[in-house]
Structures are given as C-alpha cells and as structure tokens.
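Trainee: what would the 3D arrangement of this be:
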Amino acid sequence: MCTITATELKRHFGKYVELGQKEQITVTHRGNVIFTIVPKKINLLNKWDALFGTLPNEALDDNDIERE
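Mentor: Residues are numbered from 1 along each chain as shown. Coordinates of the predicted model:
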C-alpha cells in the first residue's frame with residue numbers, strides 16, 4: 001500500500017493507474033485522506049472474506065497477492 005498526494009496523482013496519473021492494479025493507493029489532500037484506489041482482485045477478496053470468513057491461501061492464485 002502506498003500513500004500519495006492528489007497533486008502527485010495528477011502529475012503521474014498513468015503511473016498510478018498501473019500501480020493501482022497491483023496494490024492499494026491512498027490519496028491525500030492537505031494531509032487528509034480523500035480516497036483510496038483498491039485493485040479489483042483485492043476488493044473481491046475483501047467481499048468474499050466479509051461473506052464467508054477468512055479464505056484459504058489457495059484462493060490467492062493470481063500473482064501471489066498478499067493480504068494485510
């Protein structure tokens with residue numbers, strides 16, 4: 001997970017689009033969190049966890065995603 005400013009996101013949008021597909025990115029403005037970019041795969045895993053509890057590591061078959 002990384003944290004960047006809104007200005008940094010604006011200046012290097014393409015870089016963070018690619019990075020946002022792999023890990024969470026928290027965007028801040030004047031020191032306050034304004035939003036978080038969450039990869040679709042991690043978002044789906046979080047929804048499954050909420051419904052069914054902790055998933056076994058075998059469920060993580062794509063690119064060795066590690067959950068926090």
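Trainee: flag every buried residue along stretch 7-14.
Mentor: For stretch 7-14, a neighbour-count test (16 or more other C-beta atoms under 10 Å) marks L9 as buried. Heads up, the C-betas are built off the backbone N, CA and C, glycines and all.
Trainee: what sits up against it?
Mentor: Outside stretch 7-14, the residues within contact range by C-beta atoms under 8 Å, 6 or more residues apart in numbering are Y16, I25, V27.
Trainee: check contacts around the last one.
Mentor: The neighbourhood of V27, defined by C-beta under 8 Å, 6+ apart, consists of T3, I4, T5, A6, L9, V33, I34, F35, T36, I37.
Trainee: and the first one, by the same measure?
Mentor: Taking C-beta under 8 Å, 6+ apart as the contact definition, Y16 lies against I4, E8, L9, I25, I37.
Trainee: so the second one, which state does it fall into?
Mentor: Reduced to three states with DSSP: H, G, I helix; E, B strand; the rest coil, the structure at E8 is helix.
Trainee: what's the pLDDT at it?
Mentor: With respect to pLDDT, E8 scores 97.
Trainee: pass me the low-pLDDT residue ranges in this structure, would you?
Mentor: Residues of the chain meeting the criterion pLDDT under 70: 54-68.
Trainee: how about the strands in the protein?
Mentor: Using DSSP state E, the strands of the chain run over residues 2-5, 25-29, 32-37.
Trainee: by how many degrees do the last one and strand 25-29 diverge?
Mentor: To tie it back to what came earlier, the one meant is strand 32-37. Here strand 32-37 points in a direction 150 degrees away from that of strand 25-29 (axes from the mean of the first three to the mean of the last three C-alpha atoms, to 10 degrees).
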